[in-house]
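Colleague: Sequence first, predicted coordinates after that:
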Number of protein chains: 2
Amino acid sequence: MYENKDKKKKEGEHLTSLSELGEFGLIDRLTQNLPVYNYGTLKGVGDDAAVIDLKDKLLLLSTDLLIEGIHFDLTYTPLKHLGYKSVIVNLSDIAAMNGVPKQITVSLGISSRFSVEALDEFYAGIRLACEKYKIDLVGGDTSSSVTGLLISVTVVGEGVREEIVYRNGAHSGDLICVTGDLGGSYAGLLVLKREKEVFKANPDMQPELSGNEYILGRQLKPEARTDMLALFRGVGAFPTSMIDISDGLASETLHLCKQSGTGCRLYEEKIPIHPDTVKQAREFGIVPTVCALSGGEDYELLFTIRQEDYDKFKDIAGISIIGHMTSPDDGEMLITTDGKTMELTAQGWDAMRKR
Amino acid sequence: MYENKDKKKKEGEHLTSLSELGEFGLIDRLTQNLPVYNYGTLKGVGDDAAVIDLKDKLLLLSTDLLIEGIHFDLTYTPLKHLGYKSVIVNLSDIAAMNGVPKQITVSLGISSRFSVEALDEFYAGIRLACEKYKIDLVGGDTSSSVTGLLISVTVVGEGVREEIVYRNGAHSGDLICVTGDLGGSYAGLLVLKREKEVFKANPDMQPELSGNEYILGRQLKPEARTDMLALFRGVGAFPTSMIDISDGLASETLHLCKQSGTGCRLYEEKIPIHPDTVKQAREFGIVPTVCALSGGEDYELLFTIRQEDYDKFKDIAGISIIGHMTSPDDGEMLITTDGKTMELTAQGWDAMRKR
């Protein structure tokens, strides 16, 4: 009835499809000029987590929605792993603020094809992540869904005012660093998708997953880099800006540049990629760097540091320096291994494939 | 692949369907024996909101998942109203703890049939609720969905230790009170569903909604009783237990009884029902009390007070005393207007219809 009225009212008007704006454009549009009513609200939309001032400490709040068929495929994702990963992706947002995750809520929409035992498996994964990261599951909401499984996790964390790192604190000249290695999760996803196709063609075929344990682990059971805060404290220096790598190195680097008002130069040869990722990417005919730039779901931390802090950070194991921030006039650039300078784009995939 | 393995492993085993357990049974099972790792976690699963100790005050956290086709029907729910209500149902959870809601996050899963303009409407409702209740929208997550609209809202609130009211604090002899009137939201829903059927049969027919403004407002644009905290402070007394009425008076009363370890006696004649609700329920051939007991979505507060506090609470306008708590041995009872004593059940519908 109402939909009908709306349609009549808008006859002849151009309605904008969601794809015209894209996810980030849509969020910008929907959340522009949001007023702030409460003194404690320090940071709203636009970082890995919201920041709420509690005077003696800061409260961090982040939420992620995971939808079957969009964010995960249960044909190759065990429910226990899915439960674990649902927690991890949220903890990673708190790690990206340099805070400590403390509590989560988990809401589920469940279609009737799931048994109670299947949900037990899912919750076993949730509990495992909570145990490992010392997180309390404090609430949630459970309802039926029309189709598939919907998961909404919210995490609450704590931070110390002087330690919290936002996306917008980088300056020209700052070094760009990344933890761990990148692209493995995407390479693992490619293997799982290939085996799904094989399985569809011949259900009796055993999946060929051996030898790919590392990249499959990166995809199915990622970890959150909540360990970094203690390491930063240990060397007595903190990043100037930080973000976690959920959408791929290119997209995250552009977020830091946009919010900090800088340009950047990333060096392809410096991007850390695990040998198993390199091997598997090549088998699929993909430049390994593409997995790192556009694959996503690595849940490593991308951050910037002052040049004068270099001596402090260089002693932290497992950090790679992959470039530096520049003046915004210099643009966001990737220097390829063969010395070419190309523009860094969130859709780095196509550009890189043409090489 | 994994699903297949799971199925093989479990061949012959009995898998439990979700309907065998029901929502509350499922939550109990999934969240039993949850460990607590953090000192600050005071109250986990099992109340309207989780409670986290921040020393000088308490943090309240609650979340609700709303799924198209389960929780709302867009054929008769304007998107602006839906946005508004999505916020209200969460604020109501904080009101039910006697706290003050402060911030929300809103996550959306959106299918491609929604235009950007439709989401603008939805967010206009979100913003209106935020403005009215002085709430900051601080974050969220937006993604595509396979089908329909999914809404996940999380609210953060604050409370004062001495003022927070849990579900488990009632004692035998406490008076049972309710704010406002009940059953209106469900009566409004019945009207909307009837008009949807009329519309399906004849799309040119104008919906017959006039005269039903009150109950339609109760369904489409409910309010959260965040005003009660100041009233309680004003009389200098607080409830011993409290819950908000989202599932119907019967279900909520049973929650208070179960968690407080009491029985209860509710008096049908004392249950506040608006004349428009009575009129419309009768038109549908439904006993009006059924709308109050089992309709839900009224978002009024159900609470208990000490008998000795009666003189304080009686001066608050718009509160009805509808019964009292008893020893658990006396069961959960409803005394009907014609003097019969019947057991109060969350499935009060069928029992009442047979009268």
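Modeller: Perfect, I can see it now.
Colleague: For whichever residue of the stretch 251-355 of chain A sits closest to chain B, grab the count of nearby residues.
Modeller: Closest contact between the stretch 251-355 of chain A and chain B, by CB to the nearest CB, is at A:Gly296 (13.1 Å). For glycine as for every other residue, the C-beta is placed from the backbone atoms N, C-alpha and C. A:Gly296 has 21 neighbours, counted by other CB atoms under 10 Å in any protein chain shown.
Colleague: That one: what's its closest spatial neighbour, skipping adjacent residues?
Modeller: Of all residues not flanking A:Gly296 in the chain, A:Gly248 sits nearest, at 4.2 Å (CB to CB, 6 or more residues apart in numbering or on different chains).
Colleague: how about that neighbour, what does it touch?
Modeller: A:Tyr186, A:Ala292, A:Leu293, A:Ser294, A:Gly295, A:Gly296, A:Ala346, A:Gly348 (CB atoms under 8 Å, 6 or more residues apart in numbering or on different chains).
Colleague: Got the phi and psi for A:Leu65?
Modeller: When read as degrees, to the nearest 10, the backbone of A:Leu65 gives phi -110, psi 130.
Colleague: actually A:Tyr310, not the one I typed
Modeller: phi -50, psi -40.
Colleague: residue contacts, the residue nearest the centre of chain A?
Modeller: Nearest to the mean C-alpha position of chain A, by CA atoms, centre = their mean, lies A:Ser246 at 1.8 Å. By CB under 8 Å, 6+ apart, the residues touching A:Ser246 are A:Val89, A:Ser92, A:Glu252, A:Gly296, A:Glu297, A:Asp298, A:Tyr299.
Colleague: switch the cut-off to 7 Å
Modeller: By CB atoms under 7 Å, 6 or more residues apart in numbering or on different chains, the contact set of A:Ser246 is A:Val89, A:Gly296, A:Glu297, A:Tyr299.
Colleague: And A:Gly109, by the same measure?
Modeller: Listed by CB under 7 Å, 6+ apart, the contact set of A:Gly109 reads A:Ser143, A:Ser144, A:Ser145, A:Leu150, B:Leu65, B:Ile67.
Colleague: mind checking how far it is from B:Arg194?
Modeller: 28 Å (CB to CB, to the nearest Å).
Colleague: cool, A:Ala292 as well?
Modeller: Taking CB to CB, one finds A:Ala292 at 57 Å from B:Arg194.
Colleague: Repeat that for A:Val51.
Modeller: Using CB to CB, A:Val51 is found at 48 Å from B:Arg194.
Colleague: Give the residue from these two that has the larger number of neighbours.
Modeller: Using other CB under 10 Å, the more surrounded residue of A:Val51 and B:Arg194 is A:Val51, with 25 against 16.
Colleague: Is the more buried one bridged to anything, and to what?
Modeller: Under DSSP bridges, the beta-bridge partners of A:Val51 are A:Lys43, A:Leu60.
Colleague: mind listing what it touches?
Modeller: By CB under 7 Å, 6+ apart, the neighbours of A:Val51 are A:Leu42, A:Lys43, A:Leu58, A:Leu60, A:Ile164.
Colleague: change it to 10 Å
Modeller: Counting by CB atoms under 10 Å, 6 or more residues apart in numbering or on different chains, A:Val51 makes contact with A:40-44, A:58-61, A:97, A:99, A:157, A:159, A:161, A:164, A:166, B:138-139.
Colleague: And for A:Lys55?
Modeller: A:Tyr39, A:Gly40, A:Arg161, B:Leu54, B:Lys55, B:Asp56, B:Lys57.
Colleague: Pick out whichever of these sits closest to A:Asn212.
Modeller: Of all the contacts of A:Lys55, A:Asn212 sits closest to A:Arg161, with 43.5 Å by CB to CB.
Colleague: which residues does the residue of the stretch 251-355 of chain A closest to chain B contact?
Modeller: The neighbours of A:Gly296, taking CB under 10 Å, 6+ apart as the test, are A:182-183, A:185-186, A:189, A:245-252.
Colleague: could I get the contacts of A:Gly248 as TSV with pLDDT, distance to A:Gly22 and secondary structure?
Modeller: Below are the contacts of A:Gly248 laid out as TSV (pLDDT from 0 to 100; distance: CB to CB, whole Å; DSSP: H, G, I helix; E, B strand; the rest coil):
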residue	pLDDT	distance to A:Gly22	secondary structure
A:Tyr186	96	20	helix
A:Ala292	97	22	helix
A:Leu293	96	18	helix
A:Ser294	94	15	helix
A:Gly295	93	18	helix
A:Gly296	93	15	coil
A:Ala346	81	9	coil
A:Gly348	42	15	helix
